[in-house]
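[1] Model the structure of this input:
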Amino acid sequence: EVLLRVVGFSYPDFWQSDTVTGISLRPHAAGWATDEGKAFMKINSAGMHDREHSLEKPKDTYRIAFLGDSMTEARQVALQDGYVKLVEKQLGACPALKGKEPETLNFGIMGFETTRELLLLKDRVWKFDPDVVVLQFMMNDVEGVSKRIEGNPGKPYFVPGTGGTLTLDTSFRSTEAFKKQQLFHKKFAHFFLARFRTAQLLYVALTRQMFIRQGYTPPTGSGRVIGIERGMDPVIYRAPETPEWQEAWSITEQILTMMQKDADAHGKPFAVFTATTGIQVHPDRAIRQRFKDALGIEDILYPDHRVA
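    Sure, this is the predicted structure:
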């Protein structure tokens, strides 16, 4: 235990099972996040990577709720260095706020996509009475909303029903894996993972063994096209050509419309911005062109333009 602490090993468990979204951030979890970068991460009582916020909006405050994935959650950097808090800092001098104090709320969760962000909006965000809701959209969200393409049994999906309408599939709640997470010994394990590095080391070893048994192998650079990122299917850079991807895009656009209508019903503005991938903003035009040639695409910003 002492040796692991001296060498800086840290792998805390920030997760909990969730009947709405499958998983969510565990309130009051804290520890060093070292997967990408190194930063101390603390989850507040509402399950957000953020400081504490009251449900009741303070007087003379302009409250902005941000939804998104790991880019919004930003466990790789200190809380104040994530873009959500940088926006809050920059807006402090904004004359359009007319003297109101900006307050940003970070509802970003690593691995989340548009489906679960809509569910968060309905179930948790409105309780904080935000003045505006901002959604950070990542192009791999399109794959993440599709049960046919992604097929993750541990999360909810919207699936097309009769007449093209979407139906929420929450069958994950009846899976054995989800039921096991509700058992006492699973919840008790969080106590040890939060306090002991030896428990965290065992957790990492068991998790990696599980991936090996499932046949997962991490991607390597050999033979890969420069610009293709882990977790990003390159077909997303072009117009959908198969029924599965056409359906995924249709679901995505319907969910975005549902979010807009939900915001309208609450009388609040709703904004979406797309987070680019590294290759989309690579400073070397020749490298961007080689990427486009390798994939046979014309517009490297196709998904961003489509969302817009």
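
[2] which stretches of this structure form strands?
    15-18, 22-25, 30-33, 39-42, 61-67, 101-106, 132-138, 157-160, 166-169, 270-275 (DSSP state E).

[3] nearest to T252, of the ones you listed?
    Closest approach to T252 among the strands of the chain (CB to CB): strand 132-138, 8.7 Å. Quick note: C-beta positions are derived from backbone N, CA and C, even for glycine.

[4] okay, the angle between that closest one and strand 270-275?
    30 degrees (axes from the mean of the first three to the mean of the last three CA atoms, to 10 degrees).

[5] can I get the CA coordinates of strand 132-138 in CSV?
    The C-alpha coordinates for strand 132-138 follow below in CSV (Å, rounded to 0.1, in the frame of the first residue of the first chain):
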residue,chain,number,x,y,z
VAL,A,132,-29.6,28.3,-20.8
VAL,A,133,-28.5,24.8,-21.7
VAL,A,134,-25.4,24.1,-23.8
LEU,A,135,-24.8,20.7,-25.4
GLN,A,136,-21.3,19.6,-26.4
PHE,A,137,-21.7,17.2,-29.4
MET,A,138,-19.0,14.7,-30.4
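
[6] end-to-end on stretch 86-96?
    17 Å (CA to CA, to the nearest Å).

[7] If you count neighbours, what's buried in it?
    Residues E88, L91 are the ones in stretch 86-96 that count as buried (16 or more other CB atoms under 10 Å).

[8] what does that stretch contact?
    Identification of contacts with stretch 86-96 by CB atoms under 8 Å, 6 or more residues apart in numbering yields Y62, I64, F66, Q80, L97, E101, P102, E103, T104.

[9] If you drop the residues flanking it in sequence, what lies closest to the last one?
    In this structure, T104 finds its nearest non-sequential neighbour in E88, 4.1 Å apart by CB to CB, 6 or more residues apart in numbering.

[10] And the fifth one, by the same measure?
    Distance criterion CB to CB, 6+ apart; nearest residue to L97, sequence neighbours excluded, is Y62 at 5.2 Å.

[11] For the one you found, list each beta-bridge partner.
    Residues in a beta bridge with Y62, per DSSP bridges, are P102.

[12] do the same with L25
    Going by DSSP bridges, L25 forms beta bridges with W15.

[13] surely it meets A46?
    No - with contact defined as CB atoms under 8 Å, L25 does not count as touching A46 (9.1 Å).

[14] Show me the two of the contacts of stretch 86-96 that sit farthest apart.
    Maximum distance among the contacts of stretch 86-96 (CB to CB): 19.9 Å, for Q80 and L97.

[15] what about those two, which has more around it?
    Remark: of Q80 and L97, L97 carries more neighbours, 15 against 11, as counted by other CB atoms under 10 Å.

[16] and that one, how far is that from Y157?
    38 Å (CB to CB, to the nearest Å).

[17] I'd like the strands of the chain laid out as a markdown table, including mean pLDDT and distance to V125.
    A markdown table is the format used below for the strands of the chain (pLDDT from 0 to 100; distance: least, CB to CB, whole Å):
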| stretch | mean pLDDT | distance to V125 |
| --- | --- | --- |
| strand 15-18 | 92 | 15 |
| strand 22-25 | 96 | 13 |
| strand 30-33 | 87 | 23 |
| strand 39-42 | 93 | 20 |
| strand 61-67 | 98 | 5 |
| strand 101-106 | 98 | 8 |
| strand 132-138 | 98 | 7 |
| strand 157-160 | 97 | 18 |
| strand 166-169 | 97 | 17 |
| strand 270-275 | 97 | 11 |
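
[18] Please convert those strands to TSV, extending it with mean neighbour count and distance to E247.
    Shown next, in TSV, are the strands of the chain (neighbours: other CB atoms under 10 Å; distance: least, CB to CB, whole Å):
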stretch	mean neighbour count	distance to E247
strand 15-18	20	26
strand 22-25	22	21
strand 30-33	17	35
strand 39-42	16	36
strand 61-67	22	23
strand 101-106	20	31
strand 132-138	22	18
strand 157-160	19	7
strand 166-169	14	11
strand 270-275	16	21
